[in-house]
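S.K.: sequence first, predicted model second:
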Amino acid sequence: MRILIYSYNYYPEPIGIAPLITELAEGLVSRGHEVRVVTAMPNYPERTVYPDYRGRLYCTETRNGVLIQRCFVLIRPQPGLVARLMLEGSFVTLSFVQALRGWRPDVILATSPSLPACLPVALLKAWYRCPSILNLQDILPEAAIHTGLLTNPVAIRCFEALERFAYHSADRISVIAEGFWDNLQGKGVPTDKMVCIPNWVDVEFVCPLPKTTSQFRQRHQLHDKFVVLYTGNIARTQGLRTAIRAAKALASDPDIVFVIVGEQNQLRELDQFRQELDVDNLLLLPFAPRLELPDMLAAADVGLIMQKRNVVGFNMPSKTQLLLASGRPIIASVPHDGTAARAVLRSGGGIVVEPENPTALVKGVLELYNDRAKADRLGQQGRQYALEHYSFEQALERYERLILALTQPLRVAECLQAVGSLARFAQVWRRVKFKQPLASLCCPQI
């Protein structure tokens, strides 16, 4: 197959959906497919274009067999509504031009966000006469409305119309969790149009490693500490001030240390809050290269998943699979009725505590600190669940089957059309050979 992946995020962005889409693209190449990716200049999570990609409208590169076609985007570090519209508008317009510069795909796989990208994808689908798959990583604008990121009534109506169009124009919609399925079903999306393929983790790359050999522990003098680790995006939805308050409440125990790893600019606000509370048992560290991720996860005694109360129930943090695969127990400070809570409890890999409640988080940390056997058991159960449900090969197989199911009927139709053309040519040839009139072939009504 020739597969066009339309994704705002891609390598070398270190977190979010970029590593997932990168692994998917390269995995499809490893199975013999041709893949090209239309994406933006890398800018996440700093929200500024990376230095090596600045000053260019377009660039094209190849990495691990994947053709990557990038376009410029108007990005601001803290975008308001107007800046956000400029960002989306620049990506929609310029990425469409890039998508036309290349071979005709058999199928288009588009990721959301970005939601407005459904417009160029629909045009490309019509131009190339091929099916499209919408890979839904988040449900917009609903998630943005719940967290207060989107408040303008006109913008809300526009994005809701885009959402309906995106679901209608896609031939199939792949969702990453059951909560997404239920949400779309409630909006009238037919069940036969949806398929649930959870996000994955490379269980060979992220695996349980001994804490005693962790370079991360040695580098930050954490040898004998009980490390409570959060790593990933730092945004409104996470509520990481709760973790800082919990660290303050546990300051009397010198063995417990909280570690938050994130983007440098996002850490500044947290550091200011840490200083206001005078918290000493907390480390705020910038991202390390992705190759160091397994070693960093191995440094933890507990991995944190943090969400605010108002986060929509279907939200599924991508770090869930990473923490399970690392073999470390999870404390999920998330809504109890949400997708993340269900995933943690179903895996048996952690405990769930009330979100935005420092006291509940402290209780959870102390529970695993005082019962190391339980912590080890949760970590082992989580690892086993990741092997059985979140392996990359399983997800890749399901995406390949989905793509083939959409494209095979078209290929059969093309073959039948070709056979019909050959049969018609044979008729013409016989008539020419025996000098018979061709009118009846060209004009059957005669």
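M.R.: Right, received. Where do you want to start? Not measured: the values here are computed from a predicted model.

S.K.: now do the domain split for the chain, please.
M.R.: Residue ranges for the domains of the chain, per automatic domain parsing: 2-197+392-408, 211-389.

S.K.: end-to-end on the last one?
M.R.: Distances were taken as CA to CA, to the nearest Å; on that basis the terminal residues of domain 211-389 are 25 Å apart.

S.K.: for it, what is the distance to the chain centroid?
M.R.: Chain-centre distance of domain 211-389: 20 Å, with CA atoms, centre = their mean, to the nearest Å.

S.K.: ditto for stretch 11-19
M.R.: 8 Å.

S.K.: what's the mean pLDDT across that stretch?
M.R.: Averaged across stretch 11-19, the pLDDT comes to 92.

S.K.: give me the buried positions along that stretch.
M.R.: Residues 11, 13, 14, 15, 16, 17, 18, 19 are the ones in stretch 11-19 that count as buried (16 or more other CB atoms under 10 Å). Any C-beta I mention is one placed from the backbone N, CA and C, and that applies to glycine too.

S.K.: pull the contacting residues for the residue lying closest to the first one once chain neighbours are set aside.
M.R.: Read that as residue 11. What sits nearest to residue 11 in space, not counting adjacent residues and going by CB to CB, 6 or more residues apart in numbering, is residue 22, at 4.2 Å. Residue 22 makes contact with 10, 11, 66, according to CB atoms under 8 Å, 6 or more residues apart in numbering.

S.K.: buried stuff in the helix or strand hosting residue 22?
M.R.: Take DSSP states H and E as the rule and residue 22 turns out to sit in helix 18-30. Using 16+ other CB under 10 Å as the burial criterion, the residues of helix 18-30 that qualify are 18, 19, 20, 21, 22, 23, 24, 25, 26, 27, 28, 29.

S.K.: tell me the one of those nearest residue 250?
M.R.: Comparing these against residue 250 with CB to CB places residue 19 closest, at 31.8 Å.

S.K.: do I have it right that that closest one meets residue 290?
M.R.: Yes: Residue 19 is within contact range of residue 290, at 6.9 Å (criterion: CB atoms under 8 Å).

S.K.: how many neighbours does residue 268 have?
M.R.: For residue 268, the neighbour count with other CB atoms under 10 Å is 11.

S.K.: for residue 388, that is, sorry about that
M.R.: Burial of residue 388 is recorded as 11 neighbouring residues (other CB under 10 Å).

S.K.: and the gap between it and residue 329?
M.R.: Computed as CB to CB, to the nearest Å, the residue 388 to residue 329 distance reads 18 Å.

S.K.: gap between the host helix or strand of residue 143 and the chain center?
M.R.: Under the criterion of DSSP H and E, residue 143 resides in helix 142-146. Relative to the centre of its chain, helix 142-146 is centred 17 Å away, using CA atoms, centre = their mean.

S.K.: now do that helix: which elements does it pack against?
M.R.: Packing partners of helix 142-146 (3 or more CB pairs under 8 Å, 6 or more residues apart in numbering; DSSP states H and E): helix 153-169.

S.K.: list the buried ones in the helix it packs on?
M.R.: Using 16+ other CB under 10 Å as the test for burial, helix 153-169 gives 155, 159, 162, 163, 166, 167, 169.

S.K.: could you do stretch 133-152 as well?
M.R.: In stretch 133-152, counting by 16+ other CB under 10 Å, buried: 133-147, 149-150.

S.K.: got it, and stretch 250-261?
M.R.: Using 16+ other CB under 10 Å as the test for burial, stretch 250-261 gives 250, 256, 257, 258, 259, 260, 261.

S.K.: next one: stretch 306-324
M.R.: So for stretch 306-324, counting by 16+ other CB under 10 Å, buried means 306-308, 311-324.

S.K.: and stretch 238-253, by the same measure?
M.R.: So stretch 238-253, judged by 16+ other CB under 10 Å, has buried residues 238-250.

S.K.: low-confidence ranges, the stretch 151-300 of the chain, go.
M.R.: Within the stretch 151-300 of the chain, not a single segment meets pLDDT under 70.

S.K.: show me the contacts for residue 400.
M.R.: Applying CB under 8 Å, 6+ apart, we find residue 400 in contact with 28, 31, 33.

S.K.: and the last one, what is it in contact with?
M.R.: For residue 33, the contacting residues are 1, 2, 3, 400, by CB under 8 Å, 6+ apart.

S.K.: just the buried subset of those residues, written out for ChimeraX, thanks.
M.R.: Selecting just the buried residues from the contacts of residue 33 in ChimeraX takes one command, with 16+ other CB under 10 Å as the test:
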select :1,2,3,400
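
S.K.: test my guess that residue 283 contacts residue 267.
M.R.: No: contact between residue 283 and residue 267 fails when scored by CB under 8 Å: they sit 10.3 Å apart.

S.K.: overlap in contacts, the two.
M.R.: In terms of CB under 8 Å, 6+ apart, residue 283 and residue 267 are both contacted by the residues residue 260.

S.K.: now residue 37: how far from residue 170?
M.R.: 18 Å.

S.K.: buried residues in stretch 348-367?
M.R.: Those would be 349-358, 360-365, 367, for stretch 348-367 by 16+ other CB under 10 Å.

S.K.: and the contacts of that stretch?
M.R.: With contact meaning CB under 8 Å, 6+ apart, stretch 348-367 is reached by 228, 239, 242-243, 245-246, 248-250, 256, 302-303, 305-309, 311, 323-324, 329-336, 341, 344-345, 368, 374, 378-379, 381-383, 385-386.

S.K.: now swap in stretch 169-181 and tell me
M.R.: Applying CB under 8 Å, 6+ apart, the contact partners of stretch 169-181 are 110, 118, 121-122, 125, 131-137, 139, 167, 184, 189, 191, 193-199, 313-316, 338-339, 342-343, 399, 402, 406.

S.K.: can you dump the C-alpha atoms of it in CSV for me?
M.R.: The C-alpha trace of stretch 169-181 is given here as CSV (Å, rounded to 0.1, in the frame of the first residue of the first chain):
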residue,chain,number,x,y,z
SER,A,169,-16.1,12.7,5.8
ALA,A,170,-13.9,9.9,7.1
ASP,A,171,-14.5,6.4,5.9
ARG,A,172,-13.4,4.9,9.2
ILE,A,173,-12.6,6.4,12.7
SER,A,174,-10.1,4.8,14.9
VAL,A,175,-10.5,5.7,18.6
ILE,A,176,-8.0,5.0,21.4
ALA,A,177,-10.4,4.1,24.2
GLU,A,178,-13.9,3.0,25.0
GLY,A,179,-14.8,6.4,26.3
PHE,A,180,-14.2,7.8,22.8
TRP,A,181,-16.5,5.2,21.3
